[in-house]
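Visitor: Sequence and computational prediction follow.
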Amino acid sequence: MKSNKKLLLSVFLVLLPWLIRNVILTGWLVFPFSKIDLFNIDWKVPIADVVVEKNTIISWARIPGRLDLNAVHLSITEWFPYWWANINFSDRIYFITAILAPLVALSIPLFTKAKYSVKYNAIISIVFICFSYWFFLAPAFRFGLNYIYILIVTPLFYMDLTFLSKLGIKKVFYYVLMLICLINFLRITLTNNRQLFFNPRLISQKQIQVPKEERFLKFKLKSIIIYLPSSGDRCYDFCLPCSHKYMNLKNLKQRGSTMQDGFQAVSN
């Protein structure tokens, strides 16, 4: 009982800074999730914008590389083929393994002397529910890797590793397994973010040049001038503050005399 309380307290302490950050930045406890509406503060992001942000995330995850807000309303039979065709081979292997591994884990006691564990089954069930929620809502791999990695190793819950103890290498086995997982994680991270990790700008910072064809508009908001790219959504290293959401700026006002005071939405 004490261990459960300590676990819940640890989870709460981990989540608390993230929740506070959400409220300070957006006025919402969990952003962009409009169902939990607890605060009435002047800088709160309008609920319509919260819904648009959520739909944008879902659409981009279901239809990778193309922003189509209609993807929110598509059935899984409609968006899955496009999603599957646009993920790489290693992600497909991880996805399939994450589905099959729990089934293997739960079948091990049926064919061995291992006994079912309420604790292990609870972990498998909770993580698989999270995995399912991730997949059916917004299946971008960067959102669901934690669930995928946990599901992949679930067969180890019921594997009899006592023979490793007799050989004196049980700890070595776990260390090697952790090393393999770490190397694989780094491989995927470096492969998918090659431009980020192997960018010369990490060593020597240089200004990102604004394309010659790009022009920036000016939007005056009380005492602040906000710059807006005339095309696209990139500000590069142009003057700050800079934003690409021109229509939203028309419904924005300053909370004070300086930018540090923040902004708030103005209802029409």
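Guide: Good, I have the coordinates. Numbers count the residues shown, from 1 in each chain.
Visitor: What is the burial count for residue 26?
Guide: 19 (other Cβ atoms under 10 Å). Any C-beta I mention is one placed from the backbone N, CA and C, and that applies to glycine too.
Visitor: And the one 3 residues further on, by the same measure?
Guide: Applying other Cβ under 10 Å, we find 15 residues neighbouring residue 29.
Visitor: Residue 17 now?
Guide: 9.
Visitor: What of residue 156?
Guide: 15.
Visitor: Are we agreed that it is in a helix?
Guide: Yes. The assignment for residue 156 by DSSP: H, G, I helix; E, B strand; the rest coil puts it in a helix.
Visitor: Which pLDDT value does the model give it?
Guide: Looking at residue 156, its pLDDT reads 81.
Visitor: I'd like to know how far it sits from residue 119.
Guide: The gap separating residue 156 from residue 119 is 14 Å, by Cβ to Cβ, to the nearest Å.
Visitor: can you pull out the strands in this protein?
Guide: 216-221, 224-229, 252-254, 263-265 (DSSP state E).
Visitor: if we compare these, which one ends up closest to residue 132?
Guide: Set against residue 132 and scored by Cβ to Cβ, those come closest in strand 263-265, at 34.7 Å.
Visitor: From the contact counts, what lies against the closest one?
Guide: Under the contact definition 3 or more Cβ pairs under 8 Å, 6 or more residues apart in numbering; DSSP states H and E, strand 263-265 sits against strand 252-254.
Visitor: Could you tell me which strands the strand it packs on is paired with, and in which direction each runs?
Guide: Taking DSSP bridges as the criterion, strand 252-254 sits next to strand 263-265 (antiparallel) in its sheet.
Visitor: What is the distance between the strand it pairs with and the centre of its chain?
Guide: 26 Å (Cα atoms, centre = their mean, to the nearest Å).
Visitor: Show residues contacting it.
Guide: With contact meaning Cβ atoms under 8 Å, 6 or more residues apart in numbering, strand 263-265 is reached by 42-46, 49, 221, 251-255.
Visitor: Could you pull up the mean pLDDT of that strand?
Guide: On average, strand 263-265 scores 83.
Visitor: likewise stretch 29-47?
Guide: Mean predicted lDDT for stretch 29-47 stands at 88.
Visitor: Send me that stretch as CSV with only the CA atoms.
Guide: Extracted C-alpha coordinates of stretch 29-47, given in CSV (Å, rounded to 0.1, in the frame of the first residue of the first chain):
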residue,chain,number,x,y,z
LEU,A,29,-4.4,22.1,-17.9
VAL,A,30,-3.8,19.7,-20.8
PHE,A,31,-3.2,21.4,-24.2
PRO,A,32,-4.7,20.9,-26.7
PHE,A,33,-7.5,19.0,-24.9
SER,A,34,-10.6,21.1,-24.5
LYS,A,35,-12.6,18.6,-22.4
ILE,A,36,-10.8,19.6,-19.2
ASP,A,37,-11.8,23.3,-18.7
LEU,A,38,-10.8,24.4,-15.2
PHE,A,39,-9.5,27.9,-15.4
ASN,A,40,-10.9,31.3,-16.4
ILE,A,41,-7.9,33.5,-17.0
ASP,A,42,-7.5,36.3,-19.4
TRP,A,43,-4.7,34.8,-21.5
LYS,A,44,-6.5,31.6,-22.1
VAL,A,45,-6.4,30.3,-25.7
PRO,A,46,-10.0,30.3,-27.1
ILE,A,47,-11.6,26.9,-27.3
